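1. Could you work out the structure for the sequence below:
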Amino acid sequence: MARKKPSVDRVFHALGDPSRRAILEKLSRGPISVSRLAEPLGITLAAVVQHLQVLEESGLIQTEKVGRVRTCRLEPGGLSVIEKWIGDRRTTWERQLDRLGELLAERDESG
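-> Presented below is the predicted three-dimensional model:
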């Protein structure tokens, strides 16, 4: 089954929690088991699993179960939806600032 592309809102929601950001930081060093992820966080394994579900649904991580061990890894393109959103906003803002600069330059030249 094809995976649905995560929404900007879902990714921002996932990144809005400090525990989930800590999990992503840890995963940036490489794949790791759920139990090893839970150790330094100071929260229950059940809470870690809930955080992982949010991260996986947002497209930021992937999990895989082999035997009794569930391993997590970063999803390489997970932040692309936010990168695109920011890029689109940046283009709009830059155009508006360029136009403001032109208007101010015209005003200085005429005044």
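2. Contacts for stretch 7-25, please.
-> 37, 40-41, 43, 47-48, 51-52, 54-55, 57-61, 72, 74, 78-79, 81-82, 85 (C-beta atoms under 8 Å, 6 or more residues apart in numbering). Where you see a C-beta, it was placed from the backbone N, CA and C, and this is true even at glycine.
3. Report the buried residues of that stretch.
-> Using 16 or more other C-beta atoms under 10 Å as the test for burial, stretch 7-25 gives Arg10, Val11, Ala14, Leu15, Arg20, Ala22, Ile23, Leu24.
4. Equivalent analysis for stretch 25-42, please.
-> Lys26, Leu27, Val34, Leu37, Ala38, Leu41.
5. Got phi/psi on the fourth one?
-> Translated: Leu37. With angles defined as degrees, to the nearest 10, Leu37 sits at phi -60, psi -40.
6. How about the contacts made by Lys26?
-> Contacts of Lys26 by C-beta under 8 Å, 6+ apart are Ile32, Leu37, Pro40.
7. Among the buried residues of stretch 7-25, which pair sits farthest apart?
-> Greatest spatial distance in the buried residues of stretch 7-25: Arg10 and Ala22, 18.9 Å, computed using C-beta to C-beta.
8. Now, of the contacts of stretch 7-25, which are buried?
-> Buried by 16+ other C-beta under 10 Å: 37, 41, 48, 51-52, 54-55, 58-61, 72, 74, 78-79, 81-82, out of the contacts of stretch 7-25.
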